[in-house]
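K.L.:
Need coordinates for the following:
(chains A and B)
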Amino acid sequence: MQAAPATPANTATLVDSPWRRVWQVLRRDRLAMGGLCVLVALTVVALLGKAATEWIVLFDPATVRLVDKFRPPLSQASALLPVRDLPPGGIYLLGTDALGRDVFARMLQGSFVSMSIGLVAVSISVVVGVVLGGIAGYYADVRLGPVTVDALIMRFTDAMLCIPVFFLILVVVALLPASIYNIMIVIGLTRWMGIARFVRAEFLSLREQDFVVAAHALGLPAPRIIFLHMMPNAVAPVLVTATIGVATAILTESALSFLGFGVQPPFATWGNILADGKNFIFDAPWLFFIPGCAIFAIVLAFNLLGEGMREAFNPKLQRR
Amino acid sequence: MGQYLLRNLLQRLVLLVIVSFLVHALVHLAPGEPAEVDPNNPRFKPEDVAKIRAAFHLDEPLHVQYGLWIRDLASGELRSFKDGQPVLPKIWDRFLNSLPLFVCATLIVWTLSFPTGIHAAIRRGSTYDRSTTFIAYALISIPGFFLSYLAILWVVNTFGVPVIGMHTFGNEDAPRWFRGMDRLWHLVVPSLMLAVGGVAILSRYVRTQMLEVIGQDYVRTARAKGLDENTVIYSHALRNALLPFVTMFGLMLPELVSGAVIIEQIFAWPGIGRLSFDAILARDYPVVLTVTLIAAMVTLAGTFLSDILYAVVDPRIRLS
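P.N.:
Residues are numbered from 1 along each chain as shown, chains lettered A, B, ... in the order given. Purely as a prediction, here's the structure:
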């Protein structure tokens, strides 16, 4: 595997951006590409799932059918059911749970909820991390009384890093009413420290570079310099951490569900289907293995893509 | 050197104070109070709530409560809300139970991940590298409790050893070696599960670090001198690749405590994780606050030690 030599003709016709080079490296990484494909597929499934369980109700995740408890996957629905309670085609694709609810429908609904928990939580932590890290790096030596802005923000970040994260989440989630939004916010607000730290480090070095000094000299306002000129140069590590962060957030949600603090019943997530399923591991193993494998697949896909991106962005690791 | 250490120590003390402020504010500002644990009980009159609040000083302003907490903690007088037991001995007992778990998990993490990571780096792109990469990602991506349940099922079915709790109930009369083996069996599975994430992450770090070092000029020089490959890898490259890991020791501690909450819950291990989980459920503020503060303290001590160690092993670093 050798890096494709950039011939003059090549560079003349194509804009040879760093992003293109990263994509070249990433495209050869089979694990990362596999992760990307799985993610695209799951996003489609999540969107279709949202459509098929809420907008046009093809699969109803909430129908309770007590005659059809614990049916294994691919089993026929009972003849005793009224017609409006029948699953599509009269078959439970992934079986039913303790209340006779269609596991396939619940998984479909859960895919959207689980994905959005991951994405929203990570967006929150990226925003907080980038803003705090950016301010700390850009206004590093501005003084607020006895301490610099940098010292103030970074000490706060360090303090947050000393507290065991999951513990922090538990303290807050156990005391708050367990709504899906609270869980997203809490997971997001406890994971920004890493992002803040390297955005700051990146900004400290970018601040001294000519293009930033030039932007200053032009008299551009600070937000413009921070977000339009400096941020694009610091975005690579943020992107990597964010991708892996989605994986962590989904895992955290499932761990919270396991402890009983997860998203509460009207919403199905993969985490709470798994947490419910663990009680029936002998009687109805599919209730345990299906959501478990689904979480495993999505988290693995995010992790593989994230690590692939990390390698592609790291110039030190390119083959010489 | 002495001055540096003193200043570093001072900074960490300041950080600890910030952590204590943060945690105290967070726990007290979150909704739900110990006095309101049972709001539906009809025999629970408002004056009873007021009495409880007064007894636990919950009616005082926040800064007064903070002062009382620190005063009681320093004098060892701090008592749990739940059972009136002194907090520090209570935590110490549970910590002693968790200690073997932590030690075993840490040992497993550090002994497994180094050889795996180094080998993967040396044979970059080989089947070994690709399969360990994949296994590592798979291990990070499985929800911890899912894997633990699978492990319990497997161990119980294959070896017929129950793995719940710290030892089998009621075997106090059994021969000494039998009890020893029994304890060991009960320790192995939880500590493996606690170590899984650490092994996967650390072996990846080792691999990346090793790859960076292997690409450097002095390694090429060592090869050009005609040294054999083992000397190049193990005495030239490895020594420099190892340096950053000295600092990771301290940073991995909070993760260990976080992980213990879930693992101890699954394996019914009466350790510090379960103590804090139960304390969170019961709104037992003194225990929650103290455990978090101790965790932060241990983390700070860990990073302080690793800072010093870093300077000791790397002569290029001058503490000043």
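
K.L.:
Next, count neighbours for residue 146.
P.N.:
Assuming you mean chain A. 7 (other CB atoms under 10 Å in any protein chain shown). (Each C-beta comes from the backbone N, C-alpha and C, glycine too.)

K.L.:
that's the wrong chain, I meant chain B
P.N.:
B:Phe146 is flanked by 24 other residues according to other CB under 10 Å.

K.L.:
Now A:Val149: closest residue in space, sequence neighbours ignored.
P.N.:
Closest residue in space to A:Val149, ignoring its immediate chain neighbours: A:Tyr139 at 4.5 Å, by CB to CB, 6 or more residues apart in numbering or on different chains.

K.L.:
Per-residue pLDDT of the one you found, please?
P.N.:
You'll see A:Tyr139 listed with a pLDDT of 86.

K.L.:
Just confirm it contacts A:Ile153, I think it does.
P.N.:
No - when contacts are counted by CB atoms under 8 Å, A:Tyr139 is not listed as touching A:Ile153 (9.1 Å).

K.L.:
The two: which has the busier surroundings?
P.N.:
Set A:Tyr139 next to A:Ile153 and count neighbours by other CB under 10 Å: A:Ile153 wins out with 22 against 18.

K.L.:
isn't the more buried one right next to A:Met193, touching?
P.N.:
No - the criterion here is CB under 8 Å, and A:Ile153 misses it with A:Met193 at 10.8 Å.

K.L.:
got the contact list for the helix or strand containing B:Ile152?
P.N.:
Secondary structure from DSSP states H and E places B:Ile152 in helix B:144-159. Outside helix B:144-159, the residues within contact range by CB atoms under 8 Å, 6 or more residues apart in numbering or on different chains are A:251, A:254-255, A:258, A:274, A:278, A:281, A:288, A:292, A:295-296, B:139, B:161-164, B:185, B:189-190, B:192-193, B:196-197, B:259, B:262-263, B:266-267.

K.L.:
what do you get for stretch B:109-117?
P.N.:
B:132, B:136, B:195, B:198-200, B:202-207, B:209-210, B:252.

K.L.:
Narrow these to those in helices?
P.N.:
If you go by DSSP state H, the contacts of stretch B:109-117 have B:132, B:136, B:195, B:198-200, B:202-207, B:209-210 in helices.

K.L.:
Quick one: these as TSV, columns for distance to A:Phe267 too.
P.N.:
Shown next, in TSV, are the ones in helices among the contacts of stretch B:109-117 (distance: CB to CB, whole Å):
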residue	distance to A:Phe267
B:Thr132	37
B:Ala136	32
B:Ala195	33
B:Gly198	32
B:Val199	34
B:Ala200	30
B:Leu202	35
B:Ser203	36
B:Arg204	34
B:Tyr205	36
B:Val206	40
B:Arg207	39
B:Gln209	42
B:Met210	44
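
K.L.:
Need the max-distance pair from those residues.
P.N.:
Across those, no pair lies farther apart than B:Ala195 and B:Met210, at 20.8 Å, counting by CB to CB.

K.L.:
mind listing the strands in chain A by residue range?
P.N.:
For chain A, strands defined by DSSP state E occupy the ranges A:75-76, A:91-92, A:143-144, A:147-148.

K.L.:
I'd like to know which of these lies nearest to chain B.
P.N.:
Minimum separation from chain B across the strands of chain A (CB to the nearest CB) falls at strand A:147-148, 10.3 Å.

K.L.:
elements contacting the closest one?
P.N.:
Using 3 or more CB pairs under 8 Å, 6 or more residues apart in numbering or on different chains; DSSP states H and E as the contact definition, strand A:147-148 packs against no other helix or strand.
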